[in-house]
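[1] Just need the structure, nothing else, for what follows:
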Amino acid sequence: MTHLIQTALPYIVVASHVLLVILFFAAISHKSWGKDITHFIGKHALLLGSLIALGAVSGSLFYSEIVKYEPCTLCWWQRIFIYSQLPIFLVALKKKDRSVFTYSLILSILAGILALYQSYVYMGGTSILPCTALGGACSKNYVMEFGYISIPSMSLTVVLYFLIIGWFNRLYKHENSHS
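    Next up is the predicted model:
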């Protein structure tokens, strides 16, 4: 079962990248063909944010606790910024507090900076930070599929989902305040 999940995850990430592009263009076109998508995602943004955080935490724990990939320092920092969003979104979902996206934005940007930097290192860039991963190299590629799908790129994908869901939330709030 573990092997099946490891094999499927990169394909799921690629499919989610296609969805991200569609969502991006729907948000840009929120006054025309993207209106229904914007409304639906904006209306359910708190639930979607919670599910994205839950998926990110589950995926990260799968790699470290089941597959036994040792997280490096950069991975731990990304986890801090992404894991903390799960309880924040769950509380916001319960209270129907859409201001959670302000906090999510800050945490996502910080995680995104780290994910971009680690992706740069994964693609052959020189690391300027010490690393604690097994073998001592943050550039150790545990996952590399399709020439770009790695654990840092998966983290960056999660960050992009938080950002785009926040954007849809903002469009939804703006739409409903002028109705």
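[2] Verify the stated contact: residue 54 with residue 85.
    No. In this structure, residue 54 is not within contact of residue 85 by CB atoms under 8 Å, at 9.8 Å. (C-beta placed from N, C-alpha, C; glycine too.)
[3] what stretches of the protein score poorly on pLDDT?
    Counting by pLDDT under 70, the chain shows low-confidence ranges at 127, 129-141, 144, 147, 178-179.
[4] Show me the residue at the heart of this structure, geometrically.
    For the chain, the residue nearest the mean C-alpha position is residue 158 (0.8 Å; CA atoms, centre = their mean).
[5] Give me the more crowded residue out of residue 54 and residue 85.
    residue 85 (26 against 14; other CB atoms under 10 Å).
[6] For the closest residue to residue 99 other than its chain neighbours, give its distance to residue 38.
    Counting by CB to CB, 6 or more residues apart in numbering, residue 92 is the residue found nearest to residue 99 once chain neighbours are left out, at 7.6 Å. Distance, residue 92 to residue 38, by CB to CB, to the nearest Å: 20 Å.
[7] what do you get for residue 177?
    Applying CB to CB, the value for residue 177 to residue 38 is 14 Å.
[8] who has more neighbours, these two?
    Here residue 177 and residue 38 are compared on neighbour count by other CB under 10 Å; more neighbours surround residue 38, at 23 against 7.
[9] State the helix or strand in which the more buried one lies.
    Following DSSP states H and E, one finds residue 38 within helix 35-43.
[10] what does that helix contact?
    Outside helix 35-43, the residues that touch it by CB atoms under 8 Å, 6 or more residues apart in numbering are 23, 26-27, 29-30, 48, 165, 168-173, 175.
[11] Just to be sure, which of those residues are found in helices?
    Here DSSP state H is the test, and the contacts of helix 35-43 give 23, 26, 27, 48, 165, 168, 169, 170, 171, 172, 173, 175 as lying in helices.
[12] The third one contacts residue 166, doesn't it?
    No. Residue 27 is beyond contact range of residue 166, at 10.5 Å (criterion: CB under 8 Å).
[13] which residues sit in contact with residue 98?
    45, 46, 92, 169, 173.
[14] Drop anything exposed from those.
    Using 16 or more other CB atoms under 10 Å as the burial test, the contacts of residue 98 include 45, 46, 92, 169 as buried.
[15] Select from these every entry located in helices.
    Using DSSP H, those in helices are 45, 46, 92, 169.
[16] Nearest to residue 10, out of the residues you listed: which one, please.
    Comparing those against residue 10 with CB to CB places residue 45 closest, at 26.8 Å.
[17] my guess is that closest one meets residue 101, correct?
    Yes. Using CB under 8 Å, residue 45 is in contact with residue 101, at 7.3 Å.
[18] Name the residues contacting each of those two.
    By CB under 8 Å, 6+ apart, residue 45 and residue 101 have these common neighbours: 165, 166, 169.
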